[in-house]
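**Student:** Got a predicted structure plus its sequence, pasted below:
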Amino acid sequence: MKGFTLIELLVVVLIIGILSAVALPQYEKAVEKSRLAEVYSVVHALRRNFEICDLSGGCENEELLSEVGMTITNASMMSMSGKNYTFQGTPYGFAAFQPTRRTDDYMILWVPKTVDTEEALVCSGQTAWGIGFCKSLCGFQQCEMNKRTKYDGM
């Protein structure tokens, strides 16, 4: 007789099920981490715009938010939207990046450097998945995730 027995087929299906149960969550986190490149890019551009505004004696929100890689949705409210995140400035001196796909799971908070504060980029998880995602970035449910690049010193 040729072919596979029912037991052999069930074992193969079981192995595939176990592998996919382990691999899928890791794959989702890896994809979400790759989407963070948009946040790093926007923060770098905003940092540059802040410096230009400081050197020129101040500027309007439109100038501050210009050419950062996101579409301005409301300049007076300092809100923008991008491919993977929406950006919302606050009157308290920090900004929030909310993911467009996993809106309730986590958010990225950016505190720009001022005279009184150091710059911080913080991942804050709100759900079990978001907490796991932030932990995979920096080890804690809410943590700083500053990522320096070779361009940050410029």
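**Tutor:** On my side now, so go ahead.

**Student:** From now on I want contacts and neighbour counts done on CA atoms only, so please keep to that.
**Tutor:** Noted.

**Student:** beta partners for Ser81?
**Tutor:** Thr71, Thr86 (DSSP bridges).

**Student:** For it, report the pLDDT, please.
**Tutor:** Ser81 is assigned 90 on the pLDDT scale.

**Student:** Dead centre of this protein: give me the residue that sits there.
**Tutor:** Leu36 (3.9 Å; C-alpha atoms, centre = their mean).

**Student:** Now do the helices in the chain.
**Tutor:** 6-55, 61-65, 128-138 (DSSP state H).

**Student:** Could you export these as TSV, including distance to Ile72?
**Tutor:** Shown next, in TSV, are the helices of the chain (distance: least, C-alpha to C-alpha, whole Å):
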stretch	distance to Ile72
helix 6-55	12
helix 61-65	7
helix 128-138	26
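
**Student:** Lowest average confidence across those helices, which one?
**Tutor:** The lowest average pLDDT among these, as it happens, falls on helix 61-65, at a mean of 79.

**Student:** Packing partners of it?
**Tutor:** Judged by 3 or more C-alpha pairs under 8 Å, 6 or more residues apart in numbering; DSSP states H and E, helix 61-65 is in contact with helix 6-55.

**Student:** got the angle between the helix it packs on and helix 128-138?
**Tutor:** 70 degrees (axes from the mean of the first three to the mean of the last three C-alpha atoms, to 10 degrees).

**Student:** What is helix 6-55 packed up against?
**Tutor:** Against helix 6-55 (3+ C-alpha pairs under 8 Å, 6+ apart) you get helix 61-65.

**Student:** Go ahead and name everything in contact with the helix it packs on.
**Tutor:** Residues from elsewhere that reach helix 61-65, judged by C-alpha atoms under 8 Å, 6 or more residues apart in numbering: 46, 49-50, 53, 72, 75-76, 78.

**Student:** go on, stretch 95-111?
**Tutor:** 39, 43, 83-90, 93-94, 118-131, 134.

**Student:** For stretch 96-114, list every residue counted as buried.
**Tutor:** 96-99, 105-112 (16 or more other C-alpha atoms under 10 Å).

**Student:** Just the ones in strands from the residues you listed, please.
**Tutor:** Assigned to strands by DSSP state E, the following of the buried residues of stretch 96-114 qualify: 96-99, 106-111.
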